[in-house]
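A.B. asks: Turn this into a structure:
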Amino acid sequence: MAKSEKRTVPVLVLGNGLTVLGVMRCLGRKRIPLFCLSEGMTFERRSRWCRHLGPGVGTFATSSDLERVLESLPLEGGVLIACSDHWTVEATRISAAFKNRFCLCLPETDVLGRFVDKGRFSELLGAAHVPHPFTLVAKTDQDVIEAAKRSGGGLFLKPTESQRFLQKFGKKAFRIDDVAKAVAIFNEAREAGLGVMVQEYIPGPSDRHYFVDGFVDRTHRVHAVFARRRIRMYPPDFGNSSYMVSVPLEEVADAVNTLRTLFETARYRGIFSAEFKLDERDGRFKILEVNCRPWWYIQFAAECGVDVVEMAYCDALGLALPPFGAYKAGVRLVFAYYDFQALREARGSGIGVLSGIAGSWPLARTPIFAWDDPGPAIADFGERLKGRLTRFVGRPGV
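C.D. replies: This next block holds a predicted model:
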């Protein structure tokens with residue numbers, strides 16, 4: 001296949017939600033053909049670039065299920081892009097025969113496990129000698145109690161497997177000030193077959209969180225880096241960014257150096273999104289986690305000038321990567337639905353919320369609405385409005 005023809009090779013997208021929407025837009029705007037393989041899609045299925053192919057696979061299906069779907073497809077080959085932790089792992093587990101047909105741009109299975117399994121990730125951070133908060137994979141009640149003593153009472157519980165933990169508890173993590181409560185949550189998670197880590201809580205407001213995103217090529221070289229700072233988040237402490245701004249790399253130089261060391265130690269490859277928190281106690285960027293896949297706001301990175309989805313596509317096919325240069329710093333993005341909630345909690349009064357909106361939302365980019373692809377935003381607004389009306393009608397006395 002000639003190189004000029006390779007950009008016609010289709011991408012098969014695994015996953016759903018906002019991350020998939022961002023990936024579809026990155027590919028669609030570059031006229032790279034794509035198909036969605038997952039079941040359970042909601043607003044993102046209204047994208048102009050969303051095309052389904054095959055019978056579909058469930059959220060927690062296995063590599064064997066994926067192989068059966070791939071076998072049924074009328075395609076000679078393609079590039080697989082996984083948009084969840086689960087599918088990132090399962091995609092690496094397909095057999096060599098399928099990997100020859102459907103290319104991947106991911107770390108080797110064992111390397112990936114060192115990042116996705118939070119317990120092994122903690123060991124990797126120690127081996128690489130990079131700044132990070134105290135972390136312990138809890139096996140017993142006593143582990144939780146001892147970790148609480150070591151952290152001085154400021155700690156939180158988070159999962160070793162994020163998706164299933166969120167499905168069980170409806171939260172990404174728990175801030176714990178009471179040891180008895182920590183033990184109770186640990187035991188509930190353990191009974192559900194979920195692994196739990198106890199980690200030191202780094203004090204400081206949400207705007208001390210930074211994200212360093214980018215791409216590592218097949219030679220394990222960091223090819224592109226993009227930085228953003230969280231300004232607000234919802235829910236507080238362990239929610240998602242609701243308002244953020246792109247920042248120059250100079251502002252996070254130490255964090256970038258940490259990642260270079262980490263990726264060199266692990267022999268990493270592919271898309272990444274790393275979260276850091278600036279610890280005001282010692283002025284160091286402490287790494288919290290690394291996602292080895294596309295993330296919610298991947299479209300924002302592309303709009304600022306760093307399209308890691310295109311890079312992954314080219315790298316998987318052995319093509320030359322798009323060049324990485326300066327990107328736009330100072331660009332803001334707001335997820336209005338969640339940022340409204342964040343402002344309401346922070347400011348209290350209606351006037352305070354309105355002033356916060358007026359002072360930050362104008363000219364900010366949005367993750368769901370796009371002039372060239374309005375369908376998802378219309379569908380999302382309709383679903384949220386329907387949910388509000390359903391809850392209102394269901395109130396007693398209404």
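
A.B. asks: hey, let's count contacts and neighbours off CA atoms from now on
C.D. replies: Noted.

A.B. asks: what helix or strand is Asp143 on?
C.D. replies: helix 141-151 (DSSP states H and E).

A.B. asks: Only the buried residues of that helix, if you could.
C.D. replies: For helix 141-151, the neighbour count (16 or more other C-alpha atoms under 10 Å) marks 144-145, 147-148, 151 as buried.

A.B. asks: So for stretch 386-398, mean pLDDT?
C.D. replies: What stretch 386-398 shows for mean pLDDT is 66.

A.B. asks: OK, contacts around Arg365?
C.D. replies: 300, 331-334 (C-alpha atoms under 8 Å, 6 or more residues apart in numbering).

A.B. asks: Output those as TSV; include the columns pLDDT.
C.D. replies: Compiled in TSV, the contacts of Arg365 are given as follows (pLDDT from 0 to 100):
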residue	pLDDT
Phe300	98
Val331	98
Arg332	98
Leu333	98
Val334	98
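
A.B. asks: Now, the residues you listed that are in strands?
C.D. replies: 332-334 (DSSP state E).

A.B. asks: Which of those sits closest to Gly352?
C.D. replies: Val334 (17.3 Å; C-alpha to C-alpha).

A.B. asks: Just send the contacts of Arg365 back as CSV, with distance to Val111 too.
C.D. replies: Converted to CSV, these look like this (distance: C-alpha to C-alpha, whole Å):
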residue, distance to Val111
Phe300, 27
Val331, 33
Arg332, 34
Leu333, 32
Val334, 34
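
A.B. asks: now these as TSV including neighbour count and distance to Val116?
C.D. replies: Formatted as TSV, the contacts of Arg365 follow (neighbours: other C-alpha atoms under 10 Å; distance: C-alpha to C-alpha, whole Å):
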residue	neighbour count	distance to Val116
Phe300	22	24
Val331	18	30
Arg332	23	29
Leu333	24	27
Val334	25	28
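
A.B. asks: can you list contacts of stretch 86-102?
C.D. replies: By C-alpha under 8 Å, 6+ apart, stretch 86-102 touches 14-15, 60, 62-64, 66-67, 70, 76-80, 82, 104, 106, 108-109, 112-113, 163, 292-293.

A.B. asks: List the residue ranges of the stretch 101-250 of the chain that fall below the pLDDT cut-off.
C.D. replies: Filtered on pLDDT under 70, the stretch 101-250 of the chain yields the residue ranges 151-153.

A.B. asks: Break down it into its strands, ranges please.
C.D. replies: Using DSSP state E, counting those that start in this stretch, the strands of the stretch 101-250 of the chain run over 102-103, 135-138, 155-159, 174-176, 196-200, 209-216, 222-234, 240-247.

A.B. asks: Same list, those strands, but as a markdown table with mean neighbour count please.
C.D. replies: As requested, these are exported to a markdown table (neighbours: other C-alpha atoms under 10 Å):
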| stretch | mean neighbour count |
| --- | --- |
| strand 102-103 | 22 |
| strand 135-138 | 22 |
| strand 155-159 | 24 |
| strand 174-176 | 18 |
| strand 196-200 | 25 |
| strand 209-216 | 25 |
| strand 222-234 | 22 |
| strand 240-247 | 22 |
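
A.B. asks: For stretch 129-145, output the C-alpha coordinates as PDB.
C.D. replies: Output of stretch 129-145 as PDB, limited to C-alpha atoms (Å, rounded to 0.1, in the frame of the first residue of the first chain):
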ATOM      1  CA  HIS A 129      12.400   8.400  41.400                       C
ATOM      2  CA  VAL A 130       9.900  11.100  40.300                       C
ATOM      3  CA  PRO A 131       8.000  13.400  42.700                       C
ATOM      4  CA  HIS A 132       4.700  11.900  43.700                       C
ATOM      5  CA  PRO A 133       2.400  11.700  46.800                       C
ATOM      6  CA  PHE A 134       2.700   8.800  49.300                       C
ATOM      7  CA  THR A 135       0.600   5.900  48.000                       C
ATOM      8  CA  LEU A 136      -0.200   2.500  49.300                       C
ATOM      9  CA  VAL A 137      -2.200  -0.400  47.700                       C
ATOM     10  CA  ALA A 138      -4.400  -1.400  50.600                       C
ATOM     11  CA  LYS A 139      -4.800  -5.200  51.200                       C
ATOM     12  CA  THR A 140      -6.100  -5.100  54.800                       C
ATOM     13  CA  ASP A 141      -7.900  -2.800  57.200                       C
ATOM     14  CA  GLN A 142      -4.500  -2.300  59.000                       C
ATOM     15  CA  ASP A 143      -3.000  -1.000  55.700                       C
ATOM     16  CA  VAL A 144      -5.600   1.800  55.700                       C
ATOM     17  CA  ILE A 145      -5.100   2.600  59.400                       C
END
